[in-house]
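Participant: Sequence plus the predicted model coming up.
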Amino acid sequence: MEELSTMCEKLAGLQLDPQLEAERVNSRLSRLNTSNKSSFWYDRDRGRALALMQDRVDQIGGFADSCRSTLEHIYQALFPLRRPPAGLEALMQKFRGGTGIQDFARSVMIRGAQHALAFALVKHPSLDLDHIHELPVMPGETIDIRPQIDRTLQLARWIIFLHEEAEQMQLEANRVASQVAL
């Protein structure tokens with residue numbers, strides 16, 4: 001009986017709605033023969049513990065589906081042009097240890113810098129990119145770049161808007177191409 005209680009406690013994370021869980025357990029117990037003294041279910045404490053464990057085990061499939069669906073949505077939001085990996089384990093592998101998110105954040109920063117530099121080159125084709133990373137300060141000095149950041153915020157938003165529009169057009173073209181292929 002103690003092992004059964006321990007197992008139920010380990011599955012307590014699946015208890016999303018305690019009231020609904022109690023209703024399902026009580027319903028299960030009422031359907032069973034609990035008045036026959038020779039029945040396994042006659043011992044109400046043991047019967048309740050087993051019914052509780054059965055209910056929580058029954059919830060595992062739905063819980064796993066919910067996790068998979070949520071991770072697919074997150075993956076598609078982060079990588080809209082990529083198809084999500086198939087299955088919960090493959091999706092979890094992408095996010096395990098936070099490296100997937102860290103890699104994503106890093107790639108976004110690199111793409112942002114790449115696009116900013118590309119836009120600068122369009123406007124100023126002779127811009128010397130070999131030294132653009134060097135700030136105009138002496139070693140040990142600091143420079144406050146907040147005014148430049150504030151000044152470029154609106155333009156950065158516009159560039160991202162244009163990028164998102166292009167991405168949406170690409171997604172639509174991919175969708176149309178996949179429908180034509182059918």
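Facilitator: Cool, the structure landed. Not measured: the values here are computed from a predicted model. Numbers count the residues shown, from 1 in each chain.
Participant: count of neighbours near the residue lying closest to residue 129 once chain neighbours are set aside?
Facilitator: With Cβ to Cβ, 6 or more residues apart in numbering as the criterion, residue 129 has its nearest non-adjacent residue at 6.5 Å, and that residue is residue 117. Placement of C-beta: from N, CA and C, glycine included. For residue 117, the count of nearby residues is 13 (other Cβ atoms under 10 Å).
Participant: Looks like residue 117 contacts residue 130 (just checking).
Facilitator: No - Residue 117 lies out of contact with residue 130 (Cβ atoms under 8 Å); the separation is 11.9 Å.
Participant: What strand or helix carries the residue nearest to residue 129?
Facilitator: In the assignment (DSSP states H and E), residue 117 maps to helix 99-123.
Participant: Same question for residue 19.
Facilitator: Assigned by DSSP H and E, residue 19 falls in helix 18-31.
Participant: Ok, residue 170 next?
Facilitator: helix 146-181.
Participant: Off-centre distance for that helix?
Facilitator: In terms of Cα atoms, centre = their mean, to the nearest Å, the centre of helix 146-181 is found 21 Å from the chain centre.
Participant: that older thread, okay, buried residues for the helix holding residue 19 please.
Facilitator: 21, 24-25, 28-29 (16 or more other Cβ atoms under 10 Å).
Participant: Following element in sequence after it, please.
Facilitator: helix 44-78.
Participant: what angle sits between that next one and helix 99-123?
Facilitator: If you take axes from the mean of the first three to the mean of the last three Cα atoms, to 10 degrees, helix 44-78 sits at 20 degrees to helix 99-123.
Participant: Who are the packing partners of helix 44-78?
Facilitator: helix 2-10, helix 18-31, helix 88-95 (3 or more Cβ pairs under 8 Å, 6 or more residues apart in numbering; DSSP states H and E).
Participant: chain center to that helix, what's the gap?
Facilitator: Centroid displacement of helix 44-78 relative to its chain, using Cα atoms, centre = their mean, is 17 Å.
Participant: try stretch 134-153
Facilitator: With Cα atoms, centre = their mean as the basis, the mean position of stretch 134-153 lies at 35 Å from the chain mean.
Participant: Report the separation between the two terminal residues of that stretch.
Facilitator: Start-to-end span of stretch 134-153 (Cα to Cα, to the nearest Å) is 21 Å.
Participant: go on, stretch 75-89?
Facilitator: End-to-end distance for stretch 75-89: 13 Å, by Cα to Cα.
Participant: per-domain residue ranges of this protein.
Facilitator: 2-78, 98-134, 135-182 (automatic domain parsing).
Participant: quick revisit: quick one: average confidence on the helix holding residue 19?
Facilitator: On average, the pLDDT along helix 18-31 is 82.
Participant: Cheers, nothing more for now.
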